[in-house]
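Peer 1: pasting the sequence and the predicted model now:
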Amino acid sequence: MEFAETLDIGGYELSIEPMTPADIPRLHELSVAVSWPHRADDWAMVIGLGHGWVARDQIGRIFGSAMWFPFSRTVASIGMVITSPRMQDQGAGRWLMRRVLDETQGRARVLNATKEAFRLYVSLGFKTLAPVAQRNGIVTACPDFGTGARPMRDADRTRILELDTNAMGVARPEVMWAILGVSEGMVIEREGRITGFALMRHFGRGRVIGPIVAESEQDAIALCGPFVAAHQGDFLRVDTREPEGTPFTDFLSAAGIVPYDAVQRMSLEPLPEPTGPARTFGLINQALG
């Protein structure tokens, strides 16, 4: 597919260039402009894990970004697609997405669409899968969460990767090793075998719990409970596909981690099916799934 390396929008001539760590200050400004919570450190992590492009004007300002993350040779997650408010609805987002779609041909593509970008993705052929709720807030209480979880040990990490692969339907070892390196973890062990885990790390305004992989809602609650108990008065976030009114989401609401926003999970091609029996109760984040 022929691709234009420059784009003229309302008198701004934009060039598309590879994203690098040197762009982090301007990328942080871009995400702040659209009220995304990502810190400079959060940008540094995703740049280290994926491939990205920026739309830059002639004096170096960044007006848009788009990234993709290779989960495997057959699956890619697309994320961090942002255009500055003055460029929204002007074609910059579609231009960046075309570059990403060109680069990821041959893989099944998945993303989480904001309300602002949903129509763009539909026009590119993406199909809806399931909504994802962004839940966050200051922890005001710690509901009962039972027992059964213990702190993660180094020896648990290989099994955690296996559980994540089974719950996702695709292996993403580079992503998971990076997340494990900056996270606290809780696991559930039964008869000497790890059956579920939850990780928590610094992100945005506070901390995010994710991924969360468990065989049942009660296990998911038991995994998150120690984090909630340890961070009363702090800001916590969970991104989940679990609907309102379930024991897991009721637990989060009772703790003060309440619905804030929602995105729509979408894919361009069929995705591999999870093999379970554990499933994903909480995402790493919206870009990485």
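Peer 2: Sure thing, it's come through. Residues are numbered from 1 along each chain as shown.
Peer 1: which other residues reach the helix ranked longest in the chain?
Peer 2: Counting by DSSP state H, the longest helix found in the chain is helix 217-230. Residues outside helix 217-230 that contact it (C-beta atoms under 8 Å, 6 or more residues apart in numbering) are 139, 142-143, 145-149, 184, 186-188, 195-198, 200, 207, 209, 212, 214, 236, 238, 242, 246-248, 251-252, 255, 257, 281-282. The C-beta positions use only the backbone N, C-alpha and C, and glycine is treated the same way.
Peer 1: all strands for the stretch 151-289 of the chain, in order.
Peer 2: 184-190, 193-203, 206-214, 235-240, 258-267, 279-282 (DSSP state E, counting those that start in this stretch).
Peer 1: now the fourth one: mean pLDDT?
Peer 2: Taken as a whole, strand 235-240 has a mean pLDDT of 98.
Peer 1: the third one too?
Peer 2: When pLDDT is averaged along strand 206-214, the result is 98.
Peer 1: what's the angle between that strand and strand 184-190?
Peer 2: 20 degrees (axes from the mean of the first three to the mean of the last three C-alpha atoms, to 10 degrees).
Peer 1: show me what strand 206-214 pairs with in its sheet, parallel or antiparallel.
Peer 2: Sheet pairing of strand 206-214 (DSSP bridges) gives strand 193-203 (antiparallel), strand 235-240 (parallel), strand 279-282 (antiparallel).
Peer 1: chain center to it: distance?
Peer 2: 11 Å (C-alpha atoms, centre = their mean, to the nearest Å).
Peer 1: so what touches that strand?
Peer 2: Strand 206-214 is contacted from outside by 136, 163-164, 167, 179, 188, 195-201, 220, 223-224, 227, 231, 234-240, 278-285, using C-beta under 8 Å, 6+ apart.
Peer 1: any idea how far apart the tips of stretch 167-182 sit?
Peer 2: Separation of the first and last residues of stretch 167-182 by C-alpha to C-alpha, to the nearest Å is 21 Å.
Peer 1: chain center to that stretch: distance?
Peer 2: From the chain centre to the centre of stretch 167-182 is a distance of 12 Å (C-alpha atoms, centre = their mean).
Peer 1: name the nearest residue to residue 118, ignoring sequence neighbours.
Peer 2: residue 264 (6.0 Å; C-beta to C-beta, 6 or more residues apart in numbering).
Peer 1: what about the helices in the protein?
Peer 2: 24-33, 40-49, 92-103, 118-123, 157-168, 173-180, 217-230, 247-255.
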